[in-house]
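**Student:** got a sequence here, can you model it:
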Amino acid sequence: MGIDYKQIMASARIAQKKWAERPADVRTKWLKKFQKYLRLNQNRIVEAIQADTHKPTAEALGIEIMAVTMTADYYQKNTGKILKPRRAKTHWIFKNKKVLVERSPHGVVGILGPFNLPFSLTIGDAIPALMAGNAVIIKPSEWTPKSAILGANLALESGLPPHLLQVVEGGAEAGSQLIENVDCIFFTGSTAVGRKVAMKAAELLKPCILELGGKAPMIVLADADLDRAAHACVWGRFAHSGQHCIAIERVYVAKKIAESFINKVIDLTKQLTPQELSPLTLPTAPAHLKELIDDAVAKGAAIKWQTVHGELPTPVHGELPTPVHGELPTPVHGELVEPRTGTTILIGVDHTMRVMKEESFGPLLPIMVFDTPDEALRLANDSESGLSAVIFTQDKIGAEAMARKIEAGNVSINDVMDHFMIIDAPFGGWKNSGLGVRHAAEGLLQFTKPKTIFIHRFSLPFLRNREFWWFPYTKWIEKILKALT
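**Tutor:** Numbers count the residues shown, from 1 in each chain. All right, here's what the predicted structure looks like:
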């Protein structure tokens, strides 16, 4: 059964016009109620996320659900201030004018969600779009649709007017049709697919927000707290088996401490249990990881640590809502295509190897030794991606100076990945890692378009019927303009 976009869009546009007429404080009242529903339905949401991804409960709660509740809390408290109309300042020549700047919603926003964070990067992204006065249509990843479906149903149960938040299911064709029908698109996924989304949006002259792939470097300087750095490295690489766009993808460690740091990382990695590592969601992922490892080894890298966990996770059973639109794609979700994946740590790597250039999106950790901080900075910036980066050092002033030189939209010092949870700070990528941002005022305003209202208040005493720069042009006008220029 195909997706009836004509009917979906018609209902969304009718609902959106009524929603946009409601003041911001009325929209945020629903959001406050939605926050309560999220807390009351935590178990249901965890079940849906795990049915999609089989990630550990701690990650479903602490990364997915918490990100959405924090997003809801921020925009519930700040939407009114962000959208408040302002009066623009004018040059003294225009003191007889009043200029108002307001924000209007795009209309219907389409969200193309990723497979790795199927709740937070669908429902969480819908929140600012809704608060801006838009209707939202989500197309989740065909591999992980259950979380978004449940989230949309909870939104309706908590009082969101019907048809304001809808979910459609399907693959690339469904996504392409969504772009054709909506007024603004927000895509999260690979850089390769992001380029295609951007090209289609450009052909249609539609605003396009992209959060794309990352290749986050971690720089461990000689004076770093090695215990904290090692713990951060293991969690920042292997949480959800590395299937995060901001996960640590490559490590650069100072030669002086390299052996000690690598040993600590291996010791901590050995302690990971099969239940702490998620299975890889995409069926093509294991082959991609093997290609990266084989390429690195062929070029001189060594496998310092590797293990494969063969235990399958226990399927999560629970009642999930019926899909809103479309049919569940095959394979049926909840069936794993691959056992739980083990971890691999590579040493002796360099930038001739694909593993240091391509996003692995799996539990593969390459570690490279550097001689000087300048070398580490150069290596960190030697990438087409620029989403996030990590620095570990006890030199706070030096760390901030290095952070400003790193070519990435988000830099953490003595921390890892937690920056995504700071909703008052914009989160976006540089280079090939995307366009636009999540979070903060910017994350809401991008779902709007500015409108300037220019009001003539009174005429000057000597020119009651026109402005002096209007027709007819005279020598007198030229003299005045020359004096004012």
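**Student:** show the pLDDT at residue 465.
**Tutor:** Listed pLDDT for residue 465 reads 88.
**Student:** that should have said residue 141, apologies.
**Tutor:** 98.
**Student:** and what of residue 342?
**Tutor:** Here the pLDDT value assigned to residue 342 is 87.
**Student:** that one: which element?
**Tutor:** Here residue 342, judged by DSSP states H and E, is contained in no helix and no strand.
**Student:** give me the neighbour count for it.
**Tutor:** When counting by other CB atoms under 10 Å, one arrives at 17 neighbours for residue 342. Any C-beta I mention is one placed from the backbone N, CA and C, and that applies to glycine too.
**Student:** that one contacts residue 277, doesn't it?
**Tutor:** Yes: Residue 342 is in contact with residue 277 according to CB atoms under 8 Å; the separation is 7.4 Å.
**Student:** and the helix or strand harbouring residue 128, what does it pack against?
**Tutor:** Per DSSP H and E: residue 128 is located in helix 123-131. Here helix 123-131 touches helix 24-40, helix 66-83, strand 108-112, strand 135-139, helix 146-157, strand 184-188, helix 440-445, going by 3 or more CB pairs under 8 Å, 6 or more residues apart in numbering; DSSP states H and E.
**Student:** if we use 6 Å, what do you get?
**Tutor:** Applying 3 or more CB pairs under 6 Å, 6 or more residues apart in numbering; DSSP states H and E, one finds that helix 123-131 contacts helix 66-83, strand 135-139.
**Student:** closest to residue 117 out of the ones you listed?
**Tutor:** helix 66-83 (7.9 Å; CB to CB).
**Student:** phi first, then psi, for the closest residue to residue 277 other than its chain neighbours.
**Tutor:** Nearest residue to residue 277 in three dimensions, chain neighbours excluded: residue 241, at 5.1 Å (CB to CB, 6 or more residues apart in numbering). Here is the backbone geometry of residue 241 (degrees, to the nearest 10): phi 50, psi 40.
**Student:** show the pLDDT at residue 241.
**Tutor:** 96.
**Student:** what about it, neighbour count?
**Tutor:** Residue 241 has 29 nearby residues by other CB under 10 Å.
**Student:** ok, now residue 86?
**Tutor:** If you count neighbours by other CB under 10 Å, residue 86 ends up with 10.
**Student:** could you do residue 473 as well?
**Tutor:** Neighbour count of residue 473, defined by other CB under 10 Å: 10.
**Student:** please apply the same query to the one 10 residues further on.
**Tutor:** Residues lying near residue 483 (other CB under 10 Å) number 7.
**Student:** residue contacts, residue 268?
**Tutor:** 230, 234 (CB atoms under 6 Å, 6 or more residues apart in numbering).
**Student:** go again using 7 Å as the cut-off
**Tutor:** By CB atoms under 7 Å, 6 or more residues apart in numbering, the residues touching residue 268 are 230, 231, 234.
**Student:** just residue 42 next, same as before
**Tutor:** The neighbours of residue 42, taking CB under 7 Å, 6+ apart as the test, are residue 65.
**Student:** lowest average confidence, helix or strand, in the chain?
**Tutor:** In the chain, no helix or strand scores lower on mean pLDDT, DSSP states H and E than helix 475-484, which sits at a mean of 94.
**Student:** now it: buried residues?
**Tutor:** Neighbour-count burial for helix 475-484, counted by 16 or more other CB atoms under 10 Å, picks out no residue.
**Student:** show me what contacts residue 109?
**Tutor:** Listed by CB under 7 Å, 6+ apart, the contact set of residue 109 reads 129, 134, 136, 182, 183, 184, 186, 447.
**Student:** give the bridge partners for it, please.
**Tutor:** residue 136, residue 184 (DSSP bridges).
**Student:** in TSV, list the contacts of residue 109 along with distance to residue 435 and neighbour count.
**Tutor:** Output for the contacts of residue 109, formatted as TSV (distance: CB to CB, whole Å; neighbours: other CB atoms under 10 Å):
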residue	distance to residue 435	neighbour count
129	16	27
134	18	27
136	19	30
182	17	26
183	17	20
184	12	25
186	10	28
447	14	26
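**Student:** closest to residue 165 out of the residues you listed?
**Tutor:** Using CB to CB, these come closest to residue 165 at residue 136, 5.1 Å.
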